[in-house]
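S.K.: need a structure here:
(2 chains)
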Protein chains: 2
Amino acid sequence: MNIRSGKKCFEGKGIQSKKDSTLRSKVYGVSLGPGDPELVTIKAIKVLARADKIYYPATLTRSGEVNSFALEILKMHSISETRLKSMPVAMTMSRKEVDKVYDKAFSSIMQDLENSLCIAVVCIGDAGLYSTFGHLLERLKKASVTVEMIAGVPAFVAAGASAHVPLALGSDKVLVLPDFESTDELDKCLDRYETVVVMKLSLFGEKLYSYLEKKRIGFVYAEYLGTPREFVSRSLNDLESRRIPYFSLIILFNKDQSSRNLCPEK
Amino acid sequence: MNIRSGKKCFEGKGIQSKKDSTLRSKVYGVSLGPGDPELVTIKAIKVLARADKIYYPATLTRSGEVNSFALEILKMHSISETRLKSMPVAMTMSRKEVDKVYDKAFSSIMQDLENSLCIAVVCIGDAGLYSTFGHLLERLKKASVTVEMIAGVPAFVAAGASAHVPLALGSDKVLVLPDFESTDELDKCLDRYETVVVMKLSLFGEKLYSYLEKKRIGFVYAEYLGTPREFVSRSLNDLESRRIPYFSLIILFNKDQSSRNLCPEK
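M.R.: Presented below is the predicted three-dimensional model:
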């Protein structure tokens, strides 16, 4: 199967410029980037401007608050709330309950498509990397719905940029872990690869500081990227008594510290 | 060192809106994304609109042609050529000769900064991942020049999106290799991790097809992403007699084929 050959982007076509029927029988998976509203791509903005309805992921906290990074970004781009529909998932939900949320969103999208609406489903970071869009993608494919994914800036890529540190130079290898079983496993990864990213850092918890203190390796720690609460640091001092929140990640470097200007700081 | 805390992006500030002195004593490393001019971020466009001079990477082919993906993207965004300056590197150049090109660009940038010019250095993909900007970053840091990096969409992320295939779901681990020593090494990586990306795919050459035919794993092959010559495929048939060009990459999946809709096609 040849998916795409000879796309005409350089000839100035890009996405459809009119609300045609093609646009209305399609679901767009739109990556919003790591949090900073200016790190959204032009392509994403164009799709969002034309979408009749935009589904966005939201988190229900234990205290009943609804948090949504995606909603914050959409608001910054002045997208009317009348077009928005949330997919709220509680932190406490089981896999089965989460699936129900996405089943419901999928049914709603299928109804929208019958009504010839142009649908976008947004997510933070990139739609292909540990994204909420993944939950819907499988269902949409099974139903033979035409899908287009708009790639975005992953959070770990933005963390490296925020710290002015290249993730990979020359022959460096980069491993991205959503989580890890033990620090022994992490050590093995660091023996093999120059750069190791850990996405769900909160699982490390209080052990993070002692691990980094023992290893004495360069790192970039990032939380709440692109939001008013953003905090990016390469210093062990900053982490000594820091509570590691859910929205955090770390990039660990096993060598090449000099060329990255990454000698551990104390 | 606390790099950034409490950035005001959500409060609508973002990058400077006027040509102030801060802007003029800084070098921006600007990621242009994988090739499609619409996969550039708003932040990148804003910096490029204000930069007095934009350095871009170019390749001198053996036949003396100058190729530059970056230049194509800049032209699509109607950036005046008078502001552009190339950094041409020949495929045949030694490491030492390449260094000379970047030494020269660095000297030129230092001169520009003395003249209070606002400088951007662009690159394809993300500035932190195997980027030409890495060559200048080290020199700029040594000279204590203030640098800001604008993160972008990496090519392998865009390849996954073009094929509508998630790179990682749930607990999947992703390894990014610029190249590899042997197919044995690659096999070991595929034993350990769900997704393995190979960037400099042309090194595989004619062996790619036989390797994939033997392994029978899901993959996404991509070349010239976002250009009129873009070709993205998940089919072994398409690769049987294909010449693998320099601007190509592959994403290999070791399992979870069903959830990705990625059973190998023949």
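S.K.: if you go through chain A in chain order, where are the strands?
M.R.: A:2-5, A:26-31, A:53-60, A:66-67, A:84-90, A:119-123, A:146-150, A:174-177, A:195-198, A:218-223, A:231-233, A:248-253 (DSSP state E).
S.K.: Check which helices and strands the fifth one sits against.
M.R.: Counting by 3 or more C-beta pairs under 8 Å, 6 or more residues apart in numbering or on different chains; DSSP states H and E, the packing neighbours recorded for strand A:84-90 are strand A:53-60, helix A:69-76, helix A:95-114. (Glycine included, C-beta is placed from N, CA and C.)
S.K.: would you list these in CSV and tack on distance to chain B, mean pLDDT and mean neighbour count?
M.R.: CSV is the format used below for these (distance: least, C-beta to the nearest C-beta, whole Å; pLDDT from 0 to 100; neighbours: other C-beta atoms under 10 Å in any protein chain shown):
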stretch, distance to chain B, mean pLDDT, mean neighbour count
strand A:53-60, 15, 95, 21
helix A:69-76, 6, 93, 21
helix A:95-114, 10, 95, 14
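S.K.: just the helices in the stretch 101-250 of chain A please.
M.R.: Counting by DSSP state H, counting those that start in this stretch, the stretch 101-250 of chain A has helices at residues A:133-142, A:155-162, A:183-192, A:207-215.
S.K.: where's the second one relative to the chain centroid, distance-wise?
M.R.: Mean-position distance between helix A:155-162 and its chain equals 11 Å (C-alpha atoms, centre = their mean, to the nearest Å).
S.K.: Also stretch A:137-146?
M.R.: That offset, for stretch A:137-146, works out to 21 Å (C-alpha atoms, centre = their mean).
S.K.: Now do the end-to-end distance for that stretch.
M.R.: From its first residue to its last, stretch A:137-146 covers 10 Å (C-alpha to C-alpha, to the nearest Å).
S.K.: What residues sit buried inside that stretch?
M.R.: A:137, A:138, A:139, A:140, A:141, A:145 (16 or more other C-beta atoms under 10 Å in any protein chain shown).
S.K.: With stretch A:239-256 instead?
M.R.: Within stretch A:239-256, the residues scored as buried using 16+ other C-beta under 10 Å are A:239, A:242, A:244, A:247, A:248, A:249, A:250, A:251, A:252, A:253, A:254, A:256.
S.K.: Quick check: the gap between the third one and residue A:97.
M.R.: Relative to residue A:97, residue A:244 is positioned 26 Å away (C-beta to C-beta, to the nearest Å).
S.K.: returning to what we had before: is it possible to export the strands of chain A to a markdown table including distance to residue B:101?
M.R.: Formatted as a markdown table, the strands of chain A follow (distance: least, C-beta to C-beta, whole Å):
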| stretch | distance to residue B:101 |
| --- | --- |
| strand A:2-5 | 34 |
| strand A:26-31 | 34 |
| strand A:53-60 | 45 |
| strand A:66-67 | 48 |
| strand A:84-90 | 49 |
| strand A:119-123 | 39 |
| strand A:146-150 | 34 |
| strand A:174-177 | 26 |
| strand A:195-198 | 26 |
| strand A:218-223 | 28 |
| strand A:231-233 | 31 |
| strand A:248-253 | 26 |
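S.K.: and those strands, which one's lowest on average pLDDT?
M.R.: Among the strands of chain A, strand A:2-5 carries the lowest mean pLDDT, at a mean of 49.
S.K.: could I get the helices of the stretch 101-250 of chain A as a markdown table with mean pLDDT and distance to residue B:168?
M.R.: Below are these laid out as a markdown table (pLDDT from 0 to 100; distance: least, C-beta to C-beta, whole Å):
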| stretch | mean pLDDT | distance to residue B:168 |
| --- | --- | --- |
| helix A:133-142 | 92 | 8 |
| helix A:155-162 | 96 | 12 |
| helix A:183-192 | 93 | 15 |
| helix A:207-215 | 92 | 22 |
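S.K.: quick one, which of those is packed in tightest?
M.R.: Among those, helix A:155-162 has the highest mean neighbour count (mean count of other C-beta atoms under 10 Å in any protein chain shown), at a mean of 27.
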